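Enquirer: Just the structure for this:
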Amino acid sequence: MERVREAEKQYRNGDSGVKYLFRGPKIDWDIILLLPGQELGGHYHREVEETFYVLEGEATFQVGNARQRLVAGDAIRLEATQHHNVVNDSHKPLKMVFIKCPYLPADKVDL
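Expert: Okay, the predicted model is just below:
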């Protein structure tokens, strides 16, 4: 068994970005906090499936050329190779859980 406390982990960018909770051996299970005006950054994965669940706030989720508005309680699952980005174009922070499977840290391709 492995246990973590989110409050004891740090966001990659200090006050926002990715916060790693579980990294491997089979899945990647983490939190993202995007402040108003921030975005995740366009990317895709060669082999990894990715799922996002919005805990707080709302944002525009871009998958290829399509855009969807996601709000707290929404979840979205992406197959590998689907280009995507999350843009917090609201006035409140966006907090999401994301899960990637399988755990392949070098699988991400930035656009």
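Enquirer: Would you mark the buried spots in stretch 44-53?
Expert: 44, 45, 48, 50, 51, 52, 53 (16 or more other CB atoms under 10 Å). All C-beta spots, glycine's among them, are computed from the backbone N, C-alpha and C.
Enquirer: what's the answer for stretch 6-21, then?
Expert: Neighbour-count burial for stretch 6-21 [16+ other CB under 10 Å]: 16, 17, 18, 19.
Enquirer: Between its first and last residues, how far does it reach?
Expert: From its first residue to its last, stretch 6-21 covers 7 Å (CA to CA, to the nearest Å).
Enquirer: if you average pLDDT over it, what comes out?
Expert: The average pLDDT for stretch 6-21 rounds to 96.
Enquirer: repeat for stretch 78-88
Expert: Across stretch 78-88, the average pLDDT comes to 97.
Enquirer: Can you pull up the most central residue in this structure?
Expert: In the chain, the C-alpha nearest the mean C-alpha coordinate belongs to residue 98, at 4.5 Å (CA atoms, centre = their mean).
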